[in-house]
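A.B. asks: Provided below are the primary sequence and the corresponding predicted coordinates.
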Amino acid sequence: MRIVFIGPPGAGKGTQAEKIIAKYATAHLSTGDMLRAARDAKTEVGIKAEKYMSSGQLVPDDILIAMISERLQQADCQAGYLLDGFPRTIAQAEALDKMLEQNNTPLDVVLELQVPEDELFKRLAGRGRADDKPEVIRERLAAYTNQTSPLLKYYGGKGLLKSVNGLGSVEEIFAQIETILDRYK
Ligand code: AMP
């Protein structure tokens with residue numbers, strides 16, 4: 001299965017992503033994790049990305065597209081994957097479509113985890129990550145609204161979008177996801 005997982009920061013994507021990869025045994029491609037690892041290792045990409053990440057802005061598309069293009073070619077992605085945090089802009093989504101078309105490996109489904117903004121702010125403020133300061137949270141939520149949420153229409157138009165209500169217990173939310181993903185197994 002090839003899945004894209006979309007949701008605003010604080011929606012609980014990380015928790016649900018772990019449950020998805022455990023049950024459906026797909027590779028987990030979290031661009032946030034990849035960038036944090038690059039930043040901590042002080043690679044060229046990591047050093048470039050740091051200033052965007054710490055201010056809550058999106059890292060430039062060319063960096064992300066190169067990173068994912070390389071990652072998708074690795075052996076563990078050939079049977080499928082969960083893309084978590086990518087694409088986050090229309091340009092990234094179009095670049096992904098091109099890569100997948102060339103390999104004749106279309107996406108199966110795009111999952112959206114929906115959580116209202118006031119709830120996101122509460123959750124993020126309680127999390128304590130370095131990019132969870134109030135002004136950075138505001139910036140990250142604005143990046144989602146302005147740059148990422150247009151993807152919902154983009155994938156909706158292709159008939160790929162399935163939305164899940166992100167309010168409720170971890171198990172309740174995962175049950176909705178299972179109902180959707182079980183159709184694509
Ligand atoms: P995340 O853990 O997914 O919230 O990502 C943490 C940070 O990494 C984001 O706030 C962005 O600065 C950066 N980032 C992760 N994925 C992307 C992406 N697809 N495009 C641009 N920036 C990204």
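C.D. replies: Right, received. Where do you want to start? This is a predicted model, so every value here is computed, not measured.
A.B. asks: if I look at the residue of the chain at minimum distance from the ligand, how far off is Asn165?
C.D. replies: In the chain, no residue comes nearer to the ligand than Gly32, which is 2.1 Å away by Cβ to the nearest ligand atom. Every residue, glycine included, has its C-beta placed from N, CA and C. According to Cβ to Cβ, to the nearest Å, Gly32 and Asn165 sit 23 Å apart.
A.B. asks: So those two - more neighbours on which side?
C.D. replies: Gly32 (17 against 11; other Cβ atoms under 10 Å).
A.B. asks: ok so, going back, hang on, isn't the residue of the chain closest to the ligand packed against Leu83?
C.D. replies: No: with contact defined as Cβ atoms under 8 Å, Gly32 does not reach Leu83; the gap is 11.6 Å.
A.B. asks: Could you check which helix or strand contains Leu113?
C.D. replies: strand 109-114 (DSSP states H and E).
A.B. asks: Name the residues of that strand that are buried.
C.D. replies: Within strand 109-114, the residues scored as buried using 16 or more other Cβ atoms under 10 Å are 109-113.
A.B. asks: for this structure, what spans make up the helices?
C.D. replies: With DSSP state H as the criterion, the chain has helices at 13-24, 31-40, 44-55, 61-72, 90-102, 117-125, 134-143, 150-157, 170-181.
A.B. asks: Flag the shaky bits of the protein, pLDDT-wise.
C.D. replies: Across the chain, nothing is flagged by pLDDT under 70.
A.B. asks: who does the closest residue to Leu160 other than its chain neighbours bridge with?
C.D. replies: Leaving aside its sequence neighbours, Leu160 sits nearest to Val110 (Cβ to Cβ, 6 or more residues apart in numbering; 4.5 Å). With DSSP bridges applied, Val110 shows beta-bridge pairing to Val4, Leu161.
A.B. asks: Quick check: Val110 touching Val4?
C.D. replies: Yes: using Cβ under 8 Å, Val110 makes contact with Val4 at a distance of 4.4 Å.
A.B. asks: any common contacting residues for those two?
C.D. replies: Listed as contacting both Val110 and Val4 by Cβ atoms under 8 Å, 6 or more residues apart in numbering are 155, 160.
A.B. asks: you'd agree Tyr52 is up against Leu58?
C.D. replies: Yes: with contact defined as Cβ under 8 Å, Tyr52 reaches Leu58; the gap is 6.5 Å.
A.B. asks: Before I go, just wanted to say thanks for your time.
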